[in-house]
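Peer 1: Please find the sequence and the predicted model below.
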Amino acid sequence: MTSPWMLVATREIVVRALNKGFLIGLAITMAMIGGLIGFTAYMDSRTDSFDVAVVATDDAALTAVESAREEAATSDQQIELGVVRVDDAAAAEAALEDEAADAWLSSDDGSGWSLSGWREPDGGLATLLGDTVRDQVMADRATGAGTTMDALTAGSEIETQRLDGNPVDPQVVFLAGFVLAFLFFTGAVGSGAMIAGSVIEEKQSRLVEIIATAVPLRQLLAGKIIGSSVIALAQNLLLAGVGLIGLSFTDLSAVLPAMTATMVWFVVFFTVGFVAVAALYAVAGSLASRTEDLQYTTTPLMMLLMGVYLVTFSADGVLERVLSYIPPASIVSMPVRVLNGDALWWEPVVSLLVLVVTTLGAVLLSERAYRGALMQTGGRVTWKSALAADRGTTLGA
């Protein structure tokens, strides 16, 4: 025989999965993620083309542009250079004004170099030409001094290394924190609101009084929590899968193993933590007597989740370490620390245990408040009244 909580959970899953608003919102979110990743991949693969004007008699500038073009081609800088030969300085300025050229390189008769543009020259172009000109000038001076460039620059190279052994760039960590915080917020708020709405709908229509004769309130709450948790988890798995697959087509594919491990931890933490969120949202629904009351009963939860969203993705240093042990912020902060490489192997385990204990406490407290408030009508119910009502019912029994 099927357990009552399983019937309730199945109903919650089916109703949510067939809800057009939910499906449309999920499709829009997936499209946004895919579009963002596609735009990032396009920007990473895009090659910038520049036409550089050079006065025909300026051999040094012509040599520099040709050398820069070869350097860009061999070093995969995604910059293409074209040469626009002009007769004199006036013709170079006219080419810039007419947009026939993007920049004008001049050696100024050996007294110095200048890169001009009708507007500010592109930073990447300026860096490429600047490095090329510097190398060219140093090579000429080395030849004049009877030595070579290799001899002059020997031992001057700086090799960078990261001592923590984590190859993930800080900007990638920040972006991952933002994404995880977003997934947590949308999953918790969206699915939580559905639970609260389902509870108040049954309460306002008095349907819950009929259900309560066949299903114990404890199992009714368990079914709603489990059903909503399954939907929230499936939603995040789907969005995370789309993100990881899209990531493999970008320059960030090298950090895909680290990102995958982080997403696994996030899914585990979210699965546990959302149970507490779902239970609290169910209580918020039971505290209301009308749909209009949900704005008041769910506001504290919304403020909490919004605070977690805003704080976790921007946290760093000591604050991030502290948050990684405090539920529900640990749902986001600990996986981010795993990605950043500053969490020891045992820290996620300890943080998860803290989250499990907190979730159990939240569920037990919510179950009492839910049973005490669900049958009360006539106005909004406070947590104190709900807990007192359940205690009185238990003692009376």
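Peer 2: Thanks, I have the structure now.
Peer 1: where are the low-confidence patches of this protein?
Peer 2: Scanning the chain with the threshold set as pLDDT under 70 gives 1-2, 43-45, 76-77, 109-111, 160-167, 251-252, 254, 390-397.
Peer 1: got the domain boundaries for it?
Peer 2: 4-38+167-396, 49-148 (automatic domain parsing).
Peer 1: want to try CSV for the ones you listed, with distance to Glu159 and mean neighbour count as columns?
Peer 2: For every residue, glycine as well, the C-beta is placed using N, CA and C. Shown next, in CSV, are those (distance: least, CB to CB, whole Å; neighbours: other CB atoms under 10 Å):
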stretch, distance to Glu159, mean neighbour count
domain 4-38+167-396, 15, 18
domain 49-148, 17, 16
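Peer 1: could those domains be laid out in TSV, adding distance to Ala154?
Peer 2: Below are those laid out as TSV (distance: least, CB to CB, whole Å):
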stretch	distance to Ala154
domain 4-38+167-396	29
domain 49-148	9
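Peer 1: among those, which is nearest Ile158?
Peer 2: Smallest distance to Ile158 across those (CB to CB): 14.9 Å, for domain 49-148.
Peer 1: Tell me the secondary structure at Val54.
Peer 2: Secondary structure assignment for Val54 (DSSP: H, G, I helix; E, B strand; the rest coil): strand.
Peer 1: Just list whatever residues bridge to it.
Peer 2: Counting by DSSP bridges, Val54 is bridged to Arg85.
Peer 1: these two touch, right, it and Leu81?
Peer 2: No: counting by CB atoms under 8 Å, Val54 does not reach Leu81; the two are 10.7 Å apart.
Peer 1: any residues in contact with both of the two?
Peer 2: Counting by CB atoms under 8 Å, 6 or more residues apart in numbering, the common neighbours of Val54 and Leu81 are Val65.
Peer 1: about what we covered before: relative to Glu157, which of the domains of the chain is closest?
Peer 2: domain 49-148 (13.4 Å).
Peer 1: how far does that closest one stretch from start to finish?
Peer 2: End-to-end distance for domain 49-148, by CA to CA, to the nearest Å: 33 Å.
Peer 1: Out of the domains of the chain, which gets nearest to Ser156?
Peer 2: Comparing those by CB to CB, domain 49-148 comes nearest, at 11.0 Å.
Peer 1: now for the helix or strand Leu280 falls within, which elements pack on it?
Peer 2: Assigned by DSSP states H and E, Leu280 falls within helix 256-287. With contacts defined as 3 or more CB pairs under 8 Å, 6 or more residues apart in numbering; DSSP states H and E, the packing partners of helix 256-287 are helix 170-204, helix 217-247, helix 294-297, helix 299-312, helix 330-340, helix 347-373, helix 383-396.
Peer 1: Now tabulate these in TSV and tack on distance to Ala17.
Peer 2: Shown next, in TSV, are these (distance: least, CB to CB, whole Å):
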stretch	distance to Ala17
helix 170-204	11
helix 217-247	7
helix 294-297	22
helix 299-312	23
helix 330-340	24
helix 347-373	24
helix 383-396	31
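Peer 1: Over to the residue of the chain most remote from its centre. Which of the three states is it?
Peer 2: Relative to the centre of the chain, the most outlying C-alpha is that of Gly146, 55.9 Å out, by CA atoms, centre = their mean. Of the three states, Gly146 takes coil under three-state DSSP.
Peer 1: Next one: it from Ala388, what distance?
Peer 2: Gly146 sits 96 Å away from Ala388 when distances are taken as CB to CB, to the nearest Å.
Peer 1: Great, nothing more from me.
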